[in-house]
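Undergrad: could you look at this predicted model? Sequence included:
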Amino acid sequence: MANADVKRQEVSEEQMAFFQEYGFVQVDNVLTAEEIKELTMFIEESMSEEEGLSVRTSNPEARLNYYRVLNQKVNVWRDHAGMARYTTHPKLASIALKLSGASGIRLFHDHALWKMPQDSKATPWHQDFPYWPMKDQFAHQTLSAWIPLDDVDEQNGCMMFIPGSHKIGKLRGINLSDPQDIFQYVQGTGLDNTQPVNVPLRKGSCTFHTGLTFHYSHPNKTDKPRRVLAIIFMPDGVVYDGKDHVVTKPLKLAPGTRLQGGVFPLLAGK
């Protein structure tokens with residue numbers, strides 16, 4: 001990847017300010033049509049594989065309710081060289097570094113997210129950070145890139161965000177298949193009356209949001225899966241808090257261990 005290509009894709013000062021104020025930002029045309037075509041082929045191959053280091057966290061037989069919300073496979077980059085090229089894409093890592101304000105940005109994990117057609121549920125309002133096994137002081141510098149491989153709108157599962165919700169801090173995790181109402185935790189803060197922002201996207205564009213930003217995605221009412229690559233970025237120096245997580249469990253890490261090395265590669269900075 002040429003340095004000029006990376007520089008061209010970096011976010012503007014206005015986008016950075018928007019992200020800091022509201023906890024999310026839309027970045028258009030981050031991947032070309034040719035890249036999206038290639039990535040779609042790679043991710044379809046990855047989702048069809050049953051062996052390897054990646055983990056399918058839901059299936060229609062064992063976890064039907066969750067499957068209706070999301071059919072998800074975590075760490076696809078570890079089993080497919082093509083996926084690794086996009087998960088570690090320098091354009092995406094450069095944007096994540098700039099938005100986070102960190103001196104270095106690492107990969108926590110990626111995941112392929114299929115919202116299945118017809119018999120689909122909304123992904124309820126939630127924060128991401130409560131599910132991640134990281135010490136709380138790193139919460140404000142964690143963020144996700146959400147990259148649709150199909151055009152997305154209210155009909156097939158685009159995202160919604162609550163502007164400014166990241167400023168509330170870390171709340172309880174929500175059970176995505178039997179959800180609690182996250183807004184009961186923030187009554188009286190103003191967030192319970194804040195208007196959500198709907199973010200339809202054309203494929204090739206994406207959003208970034210912090211690990212503390214409230215977000216939601218619509219059910220998929222179409223007859224095709226809604227396909228997304230999500231990439232979780234964390235600042236260099238993140239410390240494992242000992243909480244159970246599908247990514248860290250096989251590593252048998254001691255609480256207090258830094259998440260670093262080849263499993264959590266440094267993608268930008270430093």
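TA: Looks like it arrived, so ask away.
Undergrad: if I read this right, Lys135 contacts Asp241, doesn't it?
TA: Yes. Using Cβ atoms under 8 Å, Lys135 is in contact with Asp241, at 5.1 Å. All C-beta spots, glycine's among them, are computed from the backbone N, C-alpha and C.
Undergrad: quick one: average confidence on the longest strand that the chain contains?
TA: For the chain, the strand with the greatest residue count under DSSP state E is strand 104-115. Across strand 104-115, the average pLDDT comes to 94.
Undergrad: packing partners for it?
TA: The contact analysis (3 or more Cβ pairs under 8 Å, 6 or more residues apart in numbering; DSSP states H and E) places strand 104-115 against helix 33-48, strand 71-74, helix 81-87, helix 90-100, strand 226-235, strand 266-269.
Undergrad: which stretch among those comes nearest Tyr131?
TA: Closest to Tyr131 of the helices and strands packed on strand 104-115 is strand 226-235 (Cβ to Cβ; 10.0 Å).
Undergrad: OK, contacts around the nearest residue to Arg258 once chain neighbours are set aside?
TA: Spatial nearest neighbour of Arg258, chain neighbours left out: Val239 (5.8 Å); criterion: Cβ to Cβ, 6 or more residues apart in numbering. Contact partners of Val239, counting by Cβ atoms under 8 Å, 6 or more residues apart in numbering, are Met134, Lys135, Phe138, Gly256, Thr257, Arg258, Leu259.
Undergrad: what's the answer for Gln127, then?
TA: Neighbouring residues of Gln127 by Cβ under 8 Å, 6+ apart: Ser165, Lys170, Leu171, Gly173, Ile174, Ile182, Gly211, Leu212, Thr213, Phe214, His215.
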